[in-house]
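Student: next come a sequence and a model predicted from it.
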Protein chains: 2
Amino acid sequence: MTGSPIRWGILSTGRIAGVFAEALQSLDDARLVAVGSRSADAAAAFGDRFNVPRRYASYEELAADPEVDIVYIATPHALHAENCLLCLHYGKAVLCEKPFTINARQAAEVIAVARERGMFLMEAMWTRFLPAIARLRELLAANAIGEVRMIASDFGFRSSVDPRSRLFDPALGGGSLLDVGVYPVSLTSMIFGGEPERIATLAHLGATGVDEEAAMILGYSSGRMAMLWSAIRTETPHETTIMGTDGMIRVHPQWWRARTLTLIRGGRADEVIEAPYSGNGYQYEAIEAMRCLRAGMTESPVMPLDETLGIMRTLDAIRAQWGLTYPME
Amino acid sequence: MTGSPIRWGILSTGRIAGVFAEALQSLDDARLVAVGSRSADAAAAFGDRFNVPRRYASYEELAADPEVDIVYIATPHALHAENCLLCLHYGKAVLCEKPFTINARQAAEVIAVARERGMFLMEAMWTRFLPAIARLRELLAANAIGEVRMIASDFGFRSSVDPRSRLFDPALGGGSLLDVGVYPVSLTSMIFGGEPERIATLAHLGATGVDEEAAMILGYSSGRMAMLWSAIRTETPHETTIMGTDGMIRVHPQWWRARTLTLIRGGRADEVIEAPYSGNGYQYEAIEAMRCLRAGMTESPVMPLDETLGIMRTLDAIRAQWGLTYPME
């Protein structure tokens, strides 16, 4: 596909679909050629808004379109597995929003199909591809704070309880963990390298049965630990601190759309590192997906599928300690 | 005792004994009249340094001195119970350093004796008496951030492993939890009111068997939670964030010697509240102890004994999850 633009389809027309469409428009080598919705009106409105030539009133028509190279899946997470499988069935590469699926069983199934068919598949954990987080990886790789021993990271906001909202509906995988807790869990996975050996966690399950506030300690080899918390009923600092044997790195609020890091080392002045993103920041994951496609790769080394699966297993293990299962499980 | 100065004795001549002696010197209505040590030389040196008239080469002579109203116990925590019991036996009021004892069993014994004898007894959790923490209590009581839902608090520093140091010696109740973890646990107890209903915790026990890093989630009624961590091998931010339904309060580093709070509420400018302490800050707990003595009270409502006992039970429950017991238990 080298040379010609990558042709994107977007599955769903919700808020995040619009954010991603906007990001694609900033890329010369990307072309948003199709959108699929369950509603013809929504597809038409989205098509008009983002100048998308082909609008489909079903996800299947989008997936079947031979002019589409890769589909970005922007539905609520309860639908991700089904939507991914549909696109993979039609031979489409897939970039799927986070959380990747509802649970590890679904994730394993989707990953197995992509690998069988040799199709590119990646979790759209956009934060990981931001320049500031790339800079963070470089600093850690360069041993800037020695051995990382502890991580503290949070992502929580306060919304009103609305049983009809996706956030509060168990049937849609509601709750803080899958919606925002996945960010600190994924960051920890990136830094400590995979799945924890031990987990200690508590959550507050609200009236609708989902976790309105959650806290988890993830324990890794050599006693390394991460203290993470998430909420949909409480505003939190949105901060990450990485504590090593030779110093700390703080990723400033709101860390999940990181722009600034501070490197803190004993006996030296704090070093503020500005690493802003351009646009809305969602183009970096698209750039990575297109880089992989052009290179003929089926996975990104920045967000590998085994790691995505490990993150889903971690989320499952956390929920298991709370006794939280979703109706579709 | 109204009118005349309160006459203090200090038991032990270590670093914290000197800090407290210095704090007493700033108070007009306090008189440091005696010091007790296991060594005559140390007692003499301390006496010279702080102008203390009576110097004893044993703790018992200090406890028996009829001219002493109240003894400040500044030994390592493994000795607190024994030292408290000695002073109470001789009818002395006692202000005992934190952690109050090694475990709840010891704490209960000391508290029972004080109550039987009708003597004043208080845990010297100095942070709680600082102006900034008093201001924090006022803000929370005035509902400044609504209902508190989550607390994040840490206290950790990096020291070298030294098996001969108190910090790393299980026989002296070493490890991060009892040395510094007690601060966030006590703060949580103050804010949420007593003992947690549930605890989830992990720790890294190092080569000497003590917790070099610890993380704990304390769960309270209505799903309120605190995420706390402590360390003696890793520098942490030394920050506290209190998250409520209507905003957040951040107690700035180093929060355990708090000077500044920031009140953060949606739609309003952040409000920075300066509440510095004078001197080294240790005089506030002495002022409270003397206020209680003058009022004929045997406990302080700011740091009640039942709460001190609850904190020790919480520390016990945390350690139980790690399987950490000290040799003297």
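Tutor: Sure, I can see it.
Student: low-confidence ranges, chain A, go.
Tutor: A:1-3 (pLDDT under 70).
Student: can I get the top helix by length along it as PDB, trimmed to CA atoms?
Tutor: The helix that spans the most residues within chain A, counting by DSSP state H, is helix A:305-322. Extracted in PDB, the C-alpha atoms of helix A:305-322 (Å, rounded to 0.1, in the frame of the first residue of the first chain):
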ATOM      1  CA  LEU A 305      -1.900  -7.900  21.000                       C
ATOM      2  CA  ASP A 306      -0.500 -10.100  23.700                       C
ATOM      3  CA  GLU A 307      -0.300  -7.000  25.900                       C
ATOM      4  CA  THR A 308      -3.800  -6.000  25.100                       C
ATOM      5  CA  LEU A 309      -4.900  -9.500  26.100                       C
ATOM      6  CA  GLY A 310      -2.900  -9.200  29.300                       C
ATOM      7  CA  ILE A 311      -4.600  -5.900  30.100                       C
ATOM      8  CA  MET A 312      -8.000  -7.500  29.600                       C
ATOM      9  CA  ARG A 313      -7.000 -10.400  31.900                       C
ATOM     10  CA  THR A 314      -5.900  -7.900  34.500                       C
ATOM     11  CA  LEU A 315      -9.300  -6.100  34.300                       C
ATOM     12  CA  ASP A 316     -11.000  -9.500  34.600                       C
ATOM     13  CA  ALA A 317      -9.000 -10.400  37.700                       C
ATOM     14  CA  ILE A 318      -9.700  -7.000  39.300                       C
ATOM     15  CA  ARG A 319     -13.500  -7.400  38.700                       C
ATOM     16  CA  ALA A 320     -13.400 -11.000  40.000                       C
ATOM     17  CA  GLN A 321     -12.200  -9.700  43.400                       C
ATOM     18  CA  TRP A 322     -15.300  -7.400  43.500                       C
END
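Student: for that helix, which outside residues touch it?
Tutor: Contact with helix A:305-322 is made by A:99-101, A:103-104, A:106-108, A:111, A:114-115, A:121-123, A:177-178, A:181-182, A:185-186, A:189-190, A:194-196, A:199-203, A:205, A:211, A:214, A:216, A:218, A:299, A:325, B:200, as judged by C-beta atoms under 8 Å, 6 or more residues apart in numbering or on different chains. C-beta: built from backbone N, CA, C; applies to glycine.
Student: among those, name the ones in helices.
Tutor: Those of the contacts of helix A:305-322 mapping onto helices are A:104, A:106, A:107, A:108, A:111, A:114, A:115, A:182, A:185, A:186, A:189, A:190, per DSSP H.
Student: in a markdown table, list these along with distance to chain B and neighbour count.
Tutor: A markdown table is the format used below for those (distance: C-beta to the nearest C-beta, whole Å; neighbours: other C-beta atoms under 10 Å in any protein chain shown):
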| residue | distance to chain B | neighbour count |
| --- | --- | --- |
| A:104 | 21 | 20 |
| A:106 | 27 | 21 |
| A:107 | 25 | 27 |
| A:108 | 27 | 16 |
| A:111 | 29 | 23 |
| A:114 | 34 | 23 |
| A:115 | 34 | 14 |
| A:182 | 17 | 24 |
| A:185 | 14 | 28 |
| A:186 | 18 | 26 |
| A:189 | 17 | 24 |
| A:190 | 19 | 20 |
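Student: number of residues surrounding residue A:123?
Tutor: 29 (other C-beta atoms under 10 Å in any protein chain shown).
Student: ok, it - contacts?
Tutor: Contacts for residue A:123 (C-beta under 8 Å, 6+ apart) come out as A:96, A:97, A:98, A:100, A:303, A:305, A:308, A:311.
Student: how close does the last one get to chain B?
Tutor: For residue A:311, the distance to chain B (C-beta to the nearest C-beta, to the nearest Å) stands at 19 Å.
Student: helices of chain A, start to end?
Tutor: A:15-25, A:40-50, A:59-64, A:80-89, A:104-117, A:131-141, A:176, A:182-192, A:283-294, A:305-322.
Student: hmm, the shortest one in reach of chain B?
Tutor: No. Under the criterion of C-beta under 8 Å from any C-beta of the partner chain, helix A:176 makes no contact with chain B; the nearest approach is 11.1 Å.
Student: check which helices and strands that helix sits against.
Tutor: strand A:211-219 (3 or more C-beta pairs under 8 Å, 6 or more residues apart in numbering or on different chains; DSSP states H and E).
Student: name the strands paired with the strand it packs on and say parallel or antiparallel.
Tutor: strand A:198-205 (antiparallel), strand A:225-231 (antiparallel) (DSSP bridges).
Student: just name the most buried of the helices of chain A.
Tutor: Mean neighbours per residue, mean count of other C-beta atoms under 10 Å in any protein chain shown, is largest over the helices of chain A for helix A:176, with a mean of 28.
Student: which residue of chain A sits farthest from its center?
Tutor: For chain A, the largest distance from the centre (C-alpha atoms, centre = their mean) belongs to residue A:267, which lies 36.8 Å off.
Student: that one and residue B:93, how far apart?
Tutor: 43 Å (C-beta to C-beta, to the nearest Å).
Student: OK, contacts around the residue of the stretch 51-200 of chain A found nearest chain B?
Tutor: In the stretch 51-200 of chain A, the residue that lies nearest chain B is residue A:200 (3.9 Å; C-beta to the nearest C-beta). By C-beta under 8 Å, 6+ apart, the contact list for residue A:200 reads A:216, A:217, A:219, A:321, B:200, B:201, B:202, B:215, B:217, B:321.
Student: rerun that using 6 Å as the cut-off
Tutor: Residues near residue A:200 by C-beta atoms under 6 Å, 6 or more residues apart in numbering or on different chains: A:217, B:200, B:201, B:202.
Student: out of those, which comes closest to residue B:80?
Tutor: Nearest to residue B:80 out of the contacts of residue A:200 is residue B:201 (C-beta to C-beta; 23.3 Å).
Student: if I look at residue A:49, how far off is residue A:32?
Tutor: Taken as C-beta to C-beta, the span from residue A:49 to residue A:32 is 11 Å.
Student: how about residue A:293?
Tutor: Residue A:293 sits 15 Å away from residue A:32, going by C-beta to C-beta.
Student: flag every residue of the stretch 151-300 of chain A that's near chain B.
Tutor: The stretch 151-300 of chain A comes close to chain B at residues A:198, A:200-202, A:204, A:215, A:217, A:219, A:223, A:225, A:227, A:229, A:234, A:236-237, A:241, A:243, as judged by C-beta under 6 Å from any C-beta of the partner chain.
Student: filter those residues to the buried ones?
Tutor: Listed as buried from these are A:200-202, A:204, A:215, A:217, A:219, A:223, A:225, A:227, A:229, A:234, A:236-237, A:241, A:243; burial here means 16 or more other C-beta atoms under 10 Å in any protein chain shown.
Student: from what I can see residue A:125 touches residue A:98, true?
Tutor: Yes. Here residue A:125 reaches residue A:98: they are 5.0 Å apart, a contact under C-beta atoms under 6 Å.
Student: who has more neighbours, those two?
Tutor: residue A:125 (25 against 22).
Student: against residue A:80, how distant is the more buried one?
Tutor: The spacing between residue A:125 and residue A:80, counted by C-beta to C-beta, is 13 Å.
Student: residues in contact with the residue nearest the centre of chain A?
Tutor: The residue lying closest to the centre of chain A (C-alpha atoms, centre = their mean) is residue A:125, at 2.6 Å. Applying C-beta under 6 Å, 6+ apart, we find residue A:125 in contact with A:98, A:186, A:303.
Student: over to residue A:246?
Tutor: A:145, A:146.
Student: what about 8 Å?
Tutor: Residues near residue A:246 by C-beta under 8 Å, 6+ apart: A:143, A:144, A:145, A:146, A:265, A:266.
Student: let me have the residues you listed in JSON lines, adding neighbour count as columns.
Tutor: Shown next, in JSON lines, are the contacts of residue A:246 (neighbours: other C-beta atoms under 10 Å in any protein chain shown):
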{"residue": "A:143", "neighbour count": "12"}
{"residue": "A:144", "neighbour count": "17"}
{"residue": "A:145", "neighbour count": "21"}
{"residue": "A:146", "neighbour count": "15"}
{"residue": "A:265", "neighbour count": "17"}
{"residue": "A:266", "neighbour count": "9"}
